[in-house]
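# curious how this folds, go ahead:
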Amino acid sequence: MDLTYLPHYALFLFLFIVAQSLSMWGQYVTLPFKNLSMWEAYKMAIPFAWMDWFVMTFVIMIGDKYELVTPTQDTFLLIILQFSLILIINRFYLKQTINRSDIIAFFIILAGFIVSFIHIVSKVLSIRVPKYPNRKNPDEALSTLLAQRYHAIITGERNID
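Below you'll find the model as predicted:
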């Protein structure tokens with residue numbers, strides 16, 4: 001593992017945790033208040049969504065710039081963090097019990113992330129793991145043929161299959 005990326009991973013994870021903490025807190029902050037109007041709940045929750053959006057913009061920028069994780073790993077990380085934060089909020093803010101099955105589910109999700117991040121199955125079955133798309137060539141970074149054709153049209157290229 002290349003240790004030069006360690007500060008980037010640390011910043012990425014720190015900001016990801018901050019963003020998701022803001023998001024989950026915004027989603028749960030109104031739950032103890034039974035008599036809130038829709039407008040009052042919205043006024044309480046929307047600042048958290050805005051702060052989450054602002055921080056998450058930097059998280060995605062760092063992840064893309066340094067090619068730290070794939071989009072699938074982003075999703076796994078999002079699920080793991082939100083699941084963990086839900087357990088914490090349920091236990092300490094909403095005063096609900098956490099069951100053994102909740103903890104087991106967490107470790108199943110965590111195992112899925114590890115399998116994806118380390119490419120365990122691909123290595124065991126000798127399946128080639130594709131590299132990140134070449135960021136210098138926008139055509140290779142575009143995911144669909146339709147997006148590649150659109151990019152070719154707007155850039156004036158003629159040779160697109």
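
# can you map out the helices along this structure?
Secondary structure of the chain, counting by DSSP state H: helices at 6-28, 38-65, 71-92, 100-118, 120-124, 138-141, 145-155.

# deepest-packed of those helices, please.
Highest mean neighbour count of the helices of the chain: helix 6-28, a mean of 17 (counted as mean count of other C-beta atoms under 10 Å). Placement of C-beta: from N, CA and C, glycine included.

# show me what it is packed up against.
Applying 3 or more C-beta pairs under 8 Å, 6 or more residues apart in numbering; DSSP states H and E, one finds that helix 6-28 contacts helix 38-65, helix 71-92.

# can you give the contact residues for the last one?
Residues lying outside helix 71-92 but in contact with it, judged by C-beta atoms under 8 Å, 6 or more residues apart in numbering, are 16-17, 20-21, 23-25, 28, 60, 63, 69, 96-98, 102, 105-106, 109-110, 112-113, 116-117.

# so that helix versus helix 38-65, what angle?
Angle, helix 71-92 to helix 38-65, by axes from the mean of the first three to the mean of the last three C-alpha atoms, to 10 degrees: 140 degrees.

# any idea how far helix 71-92 is from the middle of the chain?
Helix 71-92 sits 9 Å away from the centroid of its parent chain (C-alpha atoms, centre = their mean, to the nearest Å).

# and what of the first one?
Helix 38-65 sits 13 Å away from the centroid of its parent chain (C-alpha atoms, centre = their mean).
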